[in-house]
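Participant: Dropping a prediction and its sequence here:
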Amino acid sequence: MPMVEKNFPTVSAEAKPLIHLISNKKLFMTNLSVTKLFQPLTLNCGATLKNRFVLAPLTNSQSHVDGTLSDEEYHWLTLRAQGGFALTMTCAAHVQAEGQGFPGQLGIFSDHHLDGLTRLASGIKQHDSLALVQLHHAGMRSPADLIGQTPLCPSDNAETGARGMTTAEVEQLTEDFIVAAERAEKAGFEGVEIHGAHGYILAQFLSSTINQRDDQYGGSLDNRGRIIRDIIDGVRARCSSNFILGLRLSPERFDVQLADMLAFTQTILSDGKIDFLDMSLWDVFKEPQEEAFQGRTLLSYFTELERGNIALGIAGKLRTPEEIRQAMAADIDFVLLGRAAILHHDYPLQMQADGDFQPVATPVSVEHLRSEGLSETFVDYMRNWKGFVAD
C-alpha cells in the first residue's frame, strides 16, 4: 500500500521538551505547520486529501424522521465541501433503527436511504472533497421514546434502563455496521468512519464498568475491543481496497480509562488496517483528567504511539489559525473542525488566503448562521451550545 506522505520535518521525541521552552512559539510553528496544512495527504488505501482540513461529524438534526436526507442537510454539507474542506464527513448515521441517538438523525440502516445518500455523495465530490459517512449506534444513549423500545447496551444498565444484548445481537450489530459500510460504498461515498467515541455503543463495549459481559465480548480489554476489530475486518473484507476506513475514539469521560484507551489505540494502530485515526479530545491542548497522567497534554500520549502509516487527526476546540498551527506542529496529520466550520463554511479557503484571519466571535447572530448554511432546525439545535447563538 502507498505510504502516508509526510514531506515535512519530523519533531523528534528528544526535541519536544525543548520546543515547549520556546517563548515565541509562533516563530517555530509557522514554517513547520503552514506548509503542511496545505499539502496533500495520501492515505494507505491510496486516496488523497488535497489539504489537511476535515469537516468533523456534527449532530444537526436536519434529516427527515425516517432518516432520509433532507435538502437542508444536503446544503449544509455540500457548502462545506465547496468551502475547501478536503474531506467532508456526515453527521453520525445510525446503522440500526434502534440505534438512533437524536431526532432528525441521518440513517444508513436501510436501502430506503440510498437515493439520498447517493445524491449527497455526488454533491460533496463535485467540489473536489472526499465524501465519508460516519457509522453510529447510540446504544444505551438512544432515547426510549425516540426509538420506541428499550435501548440496547453491552450489559443491563440501571441508570439508563438499557438492557444487555445477547451474543447473537452483538453479532448482528457487527454485521449491520459492515453492511452500512457496503451501503455507503454503493451510494458513492469514498469511505466511512466508525464511531467508537463519546459513550455510544462501541465505546460502551470498551468500558470496563459499563461492559459486564462474560462472553467473548466482555472481560479483558482484548474482548471488549473485539466488536470494533471485527467491524474493521468486515469492512476491509467486503469493501473495495481503495475504500477509506477511519475510526473515531475519545480517551476520556463516559467510563473509559486512559490506560485502556492508550493500549487499545496502540493495538488498532499496530494492526494497520485503518487509514486514519480520529481522536476526539474535547480540547486538543488540555491535560488528562486522570491525575496520574497529568503534567503533559492528553494529545502527547497519542502522538508518541507507534502509528506506522496510519494518519492521525484530532478534534477539540480548534478555532483560530494560530491554534490550528500549534496543533499541526504536534506531529499530527490533519485537523477536524467542528464549531469553526459551523461559523465559516469556507474556513480552509479563508485561512489559505490569510493565515491570520480572525474567525467571527461568539455568540453569533441567527442571520450569520443562516448565511453559513444552517437551517432553522440546526440553528435551534445550536442554541443548546451555551454562548453560541445570540439572543
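Facilitator: Perfect, I can see it now.

Participant: drop to CA atoms for contacts and neighbour counts, all remaining ones
Facilitator: OK.

Participant: Give me the neighbour count for S250.
Facilitator: Burial measure for S250: 21 neighbouring residues, criterion other CA atoms under 10 Å.

Participant: check contacts around it.
Facilitator: By CA atoms under 8 Å, 6 or more residues apart in numbering, the residues touching S250 are 196-198, 279-281.

Participant: Please repeat the previous calculation with a cut-off of 7 Å.
Facilitator: By CA atoms under 7 Å, 6 or more residues apart in numbering, the residues touching S250 are 197-198, 279-281.

Participant: Nearest to R52 among those?
Facilitator: R52 lies nearest to M279 out of the contacts of S250, by CA to CA, at 14.8 Å.

Participant: What strand or helix carries that closest one?
Facilitator: Using DSSP states H and E, the secondary-structure element containing M279 is strand 276-280.

Participant: Name every strand pairing with that strand and say which way it goes.
Facilitator: strand 244-249 (parallel), strand 311-315 (parallel) (DSSP bridges).

Participant: what distance separates the longest one from the centre of its chain?
Facilitator: Taking CA atoms, centre = their mean, to the nearest Å, one finds the center of strand 244-249 at 7 Å from the center of the full chain.

Participant: need the next SSE after that strand, C-terminal direction.
Facilitator: Per DSSP H and E, strand 244-249 leads on to helix 258-271 as the next helix or strand towards the C-terminus.

Participant: re earlier: between the strands paired with strand 276-280, which one is nearest to G84?
Facilitator: Judged by CA to CA, the one of these that comes nearest to G84 is strand 311-315, at 17.2 Å.

Participant: how about the helices in the stretch 51-200 of the chain?
Facilitator: Assigned by DSSP state H, counting those that start in this stretch, the helices in the stretch 51-200 of the chain fall at 71-82, 114-125, 144-147, 167-187.

Participant: if we can go back for a sec, what's the closest of the contacts of S250 to Y347?
Facilitator: S280 (19.7 Å).

Participant: Check which residues of the strand holding M279 are buried.
Facilitator: Neighbour-count burial for strand 276-280, counted by 16 or more other CA atoms under 10 Å, picks out 276-280.

Participant: show me where the chain has strands.
Facilitator: 41-42, 48-49, 53-55, 87-94, 130-136, 152-153, 163-164, 191-195, 244-249, 276-280, 311-315, 334-337 (DSSP state E).

Participant: wait, doesn't S61 sit right on Q100?
Facilitator: No - using CA atoms under 7 Å, S61 is not in contact with Q100; the gap is 11.3 Å.

Participant: When these two are compared, which one has more neighbours?
Facilitator: A direct count of neighbours by other CA under 10 Å for S61 and Q100 places Q100 higher, at 27 against 21.

Participant: now that one: how far from T320?
Facilitator: Using CA to CA, to the nearest Å, one obtains 33 Å as the distance from Q100 to T320.

Participant: go on, T90?
Facilitator: Here the criterion is CA to CA. By it, T90 lies 23 Å from T320.

Participant: Which of these two has more residues huddled nearby?
Facilitator: T90 (25 against 18).

Participant: contacting residues for that one?
Facilitator: For T90, the contact set (CA under 7 Å, 6+ apart) comprises 57, 132-134.

Participant: ok, the residues you listed vs D346, which is closest?
Facilitator: Distances from D346 to those, taken by CA to CA, are shortest for P57, at 16.2 Å.

Participant: on that earlier part again, make a markdown table from the helices of the stretch 51-200 of the chain and add mean pLDDT and mean neighbour count to it.
Facilitator: Shown next, in a markdown table, are the helices of the stretch 51-200 of the chain (pLDDT from 0 to 100; neighbours: other CA atoms under 10 Å):
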| stretch | mean pLDDT | mean neighbour count |
| --- | --- | --- |
| helix 71-82 | 98 | 21 |
| helix 114-125 | 98 | 20 |
| helix 144-147 | 97 | 14 |
| helix 167-187 | 98 | 20 |
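
Participant: Of all those, which one is nearest T160?
Facilitator: Among the helices of the stretch 51-200 of the chain, helix 144-147 comes nearest to T160, with 9.4 Å by CA to CA.
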